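[1] next input, structure requested:
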Amino acid sequence: MEATRQLDSEKLQEQKQLQNPLPTLSDPQTPSKSSASTSSSSSKSGAPPPEVDFVITFDVTVKSAAASGGNPKQKAEEVKALEHEYSNLIGVLHDAGLDATGRTGARGSDEILIFVRAKEERVVKEIHRERMSDWLNGVTSTSASPRTPRDFAASPISSSERLRLVYSILTSPRTGSNTSITSSSVVGSTAGLSPLPSPSSFPRVRQIFPLHDPKFNKKWLDEWSSRSHVLTIPRTELTALKDQFGETVALYFAFLRYYFFSLTFPAGIGLLFWWAGLSYHSLYALGTVLWSTTFVESWRLKERELAVDWGTHGVHNVEVQRPTFVGDCQKVDPVTGVQKACFPWYQTLARELASIPILLVFATVLAAMISTIYAIETIVGEVYDGKGKKYLTLVPTVLFAGLVPQVTALWDNVAHRLTNWENHEHETAHANSLTLKVFALNFFVAYGSLILTSYIYIPFGAFLVPHILSLIPSHHRSQGFENSTAYTINASKLHTQIVAYTLTNQITGAFVEVGVPFLTRLLTKKVAEVRLNATAANTAEADPEDEHQFLERVRTEATLPAYKVFADYSEMTVQFGYLTLFSVIWPIAPLWSFVNNFFELRSDAFKLSSQSQRPVPTREASIGPWLEVLGFITWLGALTNTSLVYLYRPHLSHSSKTSSLLSSVTGHSPNPLPTIQTTLFSALLVALATEHGYLIMRYSVRYILERVNWEGSDADVRIRGNLHELRKAYLDEMELRESPVKLAERSGGLEEARKVDADTETADFWKREDRGLGEIKRRGKIE
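    Numbers count the residues shown, from 1 in each chain. Next up is the predicted model:
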């Protein structure tokens, strides 16, 4: 009875959706025929915009014509090759069951915009294939087990679901038709447009992107900016984001929302401790460690709950191979019977281990660079008192801004190359490896100065600074370093740094993240308009009146940068690190992060909807490696909070060996070195190194045993096989064990899809002449 009620509820929801096909935050589902571009934005003539799934930008630059003294024969050959590549691309798209037509790009862009739309019949086949594959492989679904072919398409196809399936058709390696019910790959022919940019078969393809839905974006921003959303953001609106942008983007906003509300506890107790003037207090440190641990573990359960509700729990079971994965052998899956490429796991592991020395080299160079800049800043800012100090104090900032980003950018490029070389089979493993590599170096950049101040400068500065000054030649020391013998530690430096990182940097970071791209894009657009007005080189044919407004919007979106959720996760993880590792220095820091994240939720929504291209939807069940990074920061926070309280707590009201030791270590003794050598500080460092070694050993042993003793073992195959055979037997009993195409025929979905395709065939947009070839030929005639 429960299953029947759920089925009836789903059918009522589907009928409601068919009556109101436009996606909104309160009604997120969208029938499959409502593609990405179907929005309230219409042309001046009142005609609705065409239904478009994706836009492909195709470069039509004639390089020989741009070169001085270009050879006319060479130019003609290049134009001919350009026409051939464009025609082949259109043909491949048509062979994959996609409608495709070209329009000229923005003036001066040297691009053609190829609009792509999947036929409804192909989408219905793909949705039957994916939902059956999900069910067979144990991906959690909120729907009841299927009893009729119609049940595989009982839920309406959301916008993100459609776009994800169409993108798979566009980028999957070119293959023939596949009708296996046990396969996670697409049903029909594919275009093979990967990797991007410049896939091997079509090197002039620059990007593939879906179009924003202006109506959805406006409603989203309006609701999140309203008074009703000041204190809470309803769970249903996260589901709406999932249906519009996919699970990966929705998970980020769900994480940010959960993190924002979780900050109420540390913000509250931090305000109390700050008001009472209790910095470095052991109770606050204990509360921070407990909060951070509780937050990470509770989010681990929260994302699992979201994955179940969104139907992505267990989605790793149907993860397809990466388009750039290169196998050196073929194997047959013992459970599904599907043949696929394989690459030994131990070779991937060996390549991952080989990348560690390279990471260590970059980390060493970066650590040395940051330490040197820190030393220069200390000497010039606190010791030097000679000529030009006003300008010399800017040198560390210039060095940091000029050198550190260059090193991190170089490492980012090297990390991408190393991760590609590791040849991970699935995108999840690839993303995990890349994230950990990149964040490992970002850790030094984010926390390097605070670590140096906390554990080097203040404890040992009274000894180290004079030692560094002794290395300066005597004739230079007499110029501006006369008062160096009276040097004392700047005890407020640590407090000043944490205020800058948790308050000032967050304000400037928000402007850099949203304001700078907006101003840069506006300036670039104005400069381009001035240049085009100053030349008559562009004589492209004018747009049809009923398409002009739509095409201008597409041209604008084509110039936007791609949205990368990595940067947003990295920003929040770094902020979490400041609070977990160092907020004991300034207890009110969580309150400022709480305020910042209130605006961060809205600014990230604005950035995604207006400053970036619409991301290609992907399915995820977890925030992935970022959860492990948060766990590592939480573990490290237990050490930093303990050590900071031990070193700097001002609450001792009695004399003890500890207070005497701190007094000598922090510079109140004329010769602190002997005292330092007799402390337990070296023992703490050994304990820290041992703890790191234990964690590395535990994860290494777990990783190896998982692959040597479990994956592919009889027990693993038996568990997977029993579940698979049980589900296939169920299909046999229900007479549903047929190909996705036959299921779609029996469900009646194909008949409905063909009616939709027949209705849209008469649209003028798709019947008009393709102007792509005409544009290429026109460029070939221009001298």
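[2] and the closest residue to Lys242 other than its chain neighbours, how many neighbours does it have?
    Nearest residue to Lys242 in three dimensions, chain neighbours excluded: Ala250, at 3.7 Å (Cβ to Cβ, 6 or more residues apart in numbering). The way it works is simple: take the backbone N, C-alpha and C, and place the C-beta from them, glycine included. Using other Cβ atoms under 10 Å, Ala250 has 23 neighbouring residues.
[3] and what about Ala250, helix, strand or coil?
    Using DSSP: H, G, I helix; E, B strand; the rest coil, the structure places Ala250 in helix.
[4] then Gln330?
    Strictly by three-state DSSP, Gln330 counts as strand.
[5] any low-confidence regions in the stretch 51-200 of the chain?
    64-70, 142-154, 175-187 (pLDDT under 70).
[6] look up how far Leu630 lies from the residue nearest to Lys242.
    Taking Cβ to Cβ, to the nearest Å as the measure, Ala250 falls 19 Å from Leu630.
[7] now Gln339
    Distance from Gln339 to Leu630, by Cβ to Cβ: 39 Å.
[8] between those two, which one's more packed in?
    Leu630 (25 against 11).
[9] give the helix, strand or coil label for that one.
    helix.
[10] for it, list the residues it contacts.
    296, 299, 573, 576 (Cβ atoms under 8 Å, 6 or more residues apart in numbering).
[11] secondary structure added to the residues you listed, as TSV?
    Formatted as TSV, the contacts of Leu630 follow (three-state DSSP):
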residue	secondary structure
Val296	helix
Trp299	helix
Thr573	helix
Phe576	helix
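[12] now the two most distant members of those residues.
    Trp299 and Thr573 (12.3 Å; Cβ to Cβ).
[13] which residues of the stretch 551-700 of the chain score low on pLDDT?
    650-700.
[14] ranges for the helices of it?
    All helices of the stretch 551-700 of the chain, identified by DSSP state H, counting those that start in this stretch, fall at 565-582, 589-610, 625-648, 657-663, 673-677, 681-705.
[15] check which element follows the host helix or strand of His724 along the chain.
    Using DSSP states H and E, His724 maps to helix 714-733. Using DSSP H and E, the helix or strand that follows helix 714-733 in sequence is helix 740-747.
[16] ok now that next one, how far from the chain's centre?
    Chain-centre distance of helix 740-747: 36 Å, with Cα atoms, centre = their mean, to the nearest Å.
[17] quick one: average pLDDT of it?
    Helix 740-747 comes out with an average pLDDT of 79.
[18] which residues does the closest residue to Ser583 other than its chain neighbours contact?
    With Cβ to Cβ, 6+ apart as the criterion, Ser583 has its nearest non-adjacent residue at 4.3 Å, and that residue is Ala589. Contacts for Ala589 (Cβ under 8 Å, 6+ apart) come out as 270, 498-499, 502-503, 578-579, 582-583.
[19] ditto for Arg164
    So Arg164 contacts 246, 616-619 (Cβ under 8 Å, 6+ apart).
[20] run the last query once more with 10 Å
    126, 130, 158, 210, 246-247, 616-619 (Cβ atoms under 10 Å, 6 or more residues apart in numbering).
[21] any chance of those residues in TSV, plus distance to Val320?
    TSV is the format used below for those (distance: Cβ to Cβ, whole Å):
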residue	distance to Val320
Glu126	13
Glu130	11
Ser158	20
Pro210	20
Gly246	16
Glu247	16
Val616	15
Pro617	15
Thr618	12
Arg619	11
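[22] filter those to the buried ones?
    126, 130, 158, 210, 246-247, 616-619 (16 or more other Cβ atoms under 10 Å).
[23] what is the nearest of those residues to Phe443?
    Using Cβ to Cβ, the buried ones among the contacts of Arg164 come closest to Phe443 at Thr618, 26.2 Å.
[24] name the nearest residue to the closest one, sequence neighbours excluded.
    Thr248 (4.6 Å).
[25] isn't that neighbour right up against Asp568?
    No. Thr248 lies out of contact with Asp568 (Cβ atoms under 10 Å); the separation is 11.1 Å.
[26] returning to what we had before: so what sits against both of Trp299 and Thr573?
    259, 623, 630.
[27] counting by contacts, list what the helix or strand where Phe216 lies packs against.
    Element membership for Phe216, per DSSP H and E: helix 214-224. Applying 3 or more Cβ pairs under 10 Å, 6 or more residues apart in numbering; DSSP states H and E, one finds that helix 214-224 makes contact with helix 235-245, helix 589-610.
[28] columns distance to Met734 on top of those, output as CSV?
    Listed next are the helices and strands packed on helix 214-224 as CSV, based on distance: least, Cβ to Cβ, whole Å:
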stretch, distance to Met734
helix 235-245, 29
helix 589-610, 42
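[29] and of those helices, who's closest to Val383?
    helix 589-610 (29.2 Å).
[30] by how many degrees do that closest one and helix 565-582 diverge?
    Orientation of helix 589-610 against helix 565-582 (axes from the mean of the first three to the mean of the last three Cα atoms, to 10 degrees) gives an angle of 180 degrees.
[31] which non-adjacent residue is nearest Asp328?
    Closest to Asp328 by Cβ to Cβ, 6+ apart is Phe343, at 6.0 Å.
[32] next one, pLDDT for the one you found please.
    Model confidence at Phe343 (pLDDT) stands at 87.
[33] touching, it and Trp421? I think so.
    No. With contacts defined as Cβ under 10 Å, Phe343 does not count as touching Trp421, sitting 11.9 Å away.
[34] and which of the contacts of Ala589 is nearest to Asp732?
    Leu579 (55.8 Å).
[35] what distance do you get for the closest residue to the closest one other than its chain neighbours to Val116?
    What sits nearest to Leu579 in space, not counting adjacent residues and going by Cβ to Cβ, 6+ apart, is Pro590, at 5.4 Å. Taking Cβ to Cβ as the measure, Pro590 falls 47 Å from Val116.
[36] element containing Ile112, please.
    Using DSSP H and E, Ile112 falls in strand 111-118.
[37] any idea how far that strand is from the chain center?
    Distance, centroid of strand 111-118 to centroid of chain: 25 Å (Cα atoms, centre = their mean).
[38] what does stretch 280-289 give?
    Distance, centroid of stretch 280-289 to centroid of chain: 32 Å (Cα atoms, centre = their mean).
[39] one more: stretch 489-507?
    Worked out by Cα atoms, centre = their mean, stretch 489-507 lies 29 Å from the chain centre.
[40] thanks a lot, catch you later.
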